[in-house]
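>>> what would the 3D arrangement of this be:
(one chain, ligands or ions: 1)
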Amino acid sequence: MASRTPRWRSGAYQRKPKSAARESRRSGGGHEAGSALLKSQFVEPRAVEWTGSNVRIIDQTVLPEDLRYLELSSVEDVAEAIRTMRIRGAPAIGVVAALGVALSARGQAESGARKRALGAIELLRSTRPTAVNLFWALDRMRVVAEETTVSRTKSMSETLLTEALSIMEEDRELCRRIGENGSRLIKDGSTVFTHCNAGALATAGIGTALAAIYVAVSQGKKIRVIAGETRPLLQGARLTAWELVARQIDVTVVCDSAAAWLMKQGKVDCVFVGADRVASNGDLANKIGSYSLAIAAREHGVPFYVACPSSTIDGSLPDGSGIPVEERGEDEVRLVAGRKTVPDKARVYNPAFDIVQHEYVTAIITEQDVVTPPFLGRLVRARG
Ligand code: MRU
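Reported below is the predicted structural model:
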């Protein structure tokens, strides 16, 4: 995996480095860089892109300190990037995995390409278990690998790449439509609480939950955002706040445990989160802490909105009890900024997601519609 200095685009984030070393260490994604931007200059740094020969991602483990791009040139690179959460967020994982399958087949004749692609799909399926978008995208790639009759003009590997690029382009369009649907629920002057990162960094486009905020802001609404920091990996503090600052949207980061107290004081008008998998009845998996947030929201009469593409709906599951919840390594909890914060002899448990039962959900926003309860039947229809 090659690390490279960021390619600055259209002047966004540009500033004078004090030295070349500083430039590579603090490559401009941080708070000051974002807040210096004029809105009109802002060009969204894309979480995942196809360069024409490789997959380029933003390494999300080093934000907000560094905006560092990585070029992934093999399926093994892609698998490592997903496992280590250099790229994360349900839709983005699906997109990058599809591109990983295409990478695996390149330069191969038909049967070799098919074999490699199927092997890549198996490898990528083992990377992260909860986000169904990964499996949805890999299933699309499998159909191409298994069922495509190669034409004279297009090789198997080209056909796989075309499919992966379509998944990426579709995701961009879905995000835009989710944003438009979600923005209808955000009133001018609102304060929106969000958790984890369901923004541009989690998708190929402008995000899901944050897309609703971005579209609302573009409509001229004044919106304030409260981002829960999202222990243990701090996607809210590091990633959501970074995206919002870069777009000059008013954001305040709070400890996850502050959410209920803010709601009690009437400081939150609605909650907007993403989802990693939604069952047919509207139960859903999202980043650990979403369940506590949903309970607090209901207790205080705050609407709890979930935004996701319809590819996040898993129609094979009647309810949330069948959603696999990823458990991640102990060090994510034991260490804070590289420093030990838990005594060695204490046990650590690190579930990365929780399940929010449908009773707590006010509406699920997809690219097609704003679906309100009862969800059963209506969500699966939304998936088409
Ligand atoms: O573990 P992560 O960072 O991949 O978890 C991400 C989330 O829980 C997001 O809320 C979800 O994937 C929706 S992203 C549009």
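>>> quick one: Glu110 and Ser157, what's the gap?
9 Å (CB to CB, to the nearest Å). In short, each C-beta sits where N, CA and C put it, glycine included.
>>> got it, and Leu239?
Distance, Leu239 to Ser157, by CB to CB: 33 Å.
>>> looking at the two, which is more packed in?
Counted by other CB atoms under 10 Å, Leu239 and Ser157 do not tie: Leu239 has more neighbours, with 28 against 24.
>>> spatially nearest residue to that one (excluding sequence neighbours)?
Excluding the flanking residues, the one nearest Leu239 by CB to CB, 6 or more residues apart in numbering is Asn197, at 3.9 Å.
>>> number of nearby residues for the residue in the chain that the ligand sits nearest to?
Closest approach between the chain and the ligand, counting by CB to the nearest ligand atom: Gly274, at 2.6 Å. Residue neighbour count, defined by other CB under 10 Å, stands at 31 for Gly274.
>>> that one and Ala307 touch, don't they?
Yes: using CB atoms under 8 Å, Gly274 is in contact with Ala307, at 6.0 Å.
>>> need the residues touching each of the two.
Ala198, Thr208, Ala209 (CB atoms under 8 Å, 6 or more residues apart in numbering).
>>> confirm for me that the first one is in contact with Ile206.
In this case it means Ala198. No: taking contacts as CB under 8 Å, Ala198 lies outside contact range of Ile206: 10.6 Å.
>>> so between these two, which is more surrounded?
More crowded of Ala198 and Ile206, by other CB under 10 Å: Ala198, with 34 against 22.
>>> wait, what's in contact with that one?
By CB under 8 Å, 6+ apart, the residues touching Ala198 are Gly89, Gly207, Thr208, Ala209, Leu210, Thr240, Phe272, Val273, Gly274, Ala307.
>>> check contacts around the last one.
What that stands for is Ala307. So Ala307 contacts 178, 182, 198, 208-209, 211-212, 272-275, 364-366 (CB under 8 Å, 6+ apart).
>>> so of those residues, which ones are in strands?
Using DSSP state E, the subset of the contacts of Ala307 located in strands is Phe272, Val273, Ile364, Ile365.
>>> ok, how many other residues are close to the third one?
Using other CB under 10 Å, the number of residues around Ile364 comes to 26.
>>> touching the ligand at all, stretch 326-335?
No: judged by CB under 6 Å from any ligand atom, stretch 326-335 stays clear of the ligand, getting no closer than 7.5 Å.
>>> so for stretch 189-201, what's the average pLDDT?
Averaging pLDDT along stretch 189-201 gives 98.
>>> for the nearest residue to Leu72 once chain neighbours are set aside, what are its contacts?
Excluding its sequence neighbours, the residue lying closest to Leu72 (CB to CB, 6+ apart) is Val55, at 4.3 Å. Residues in contact with Val55 (CB under 8 Å, 6+ apart) are Val48, Glu49, Glu71, Leu72, Ser73, Asp77, Val78, Val96, Leu99, Gly100, Leu103.
>>> equivalent analysis for Gly189, please.
Gly189 makes contact with Lys221, Lys222, Ile223, according to CB under 8 Å, 6+ apart.
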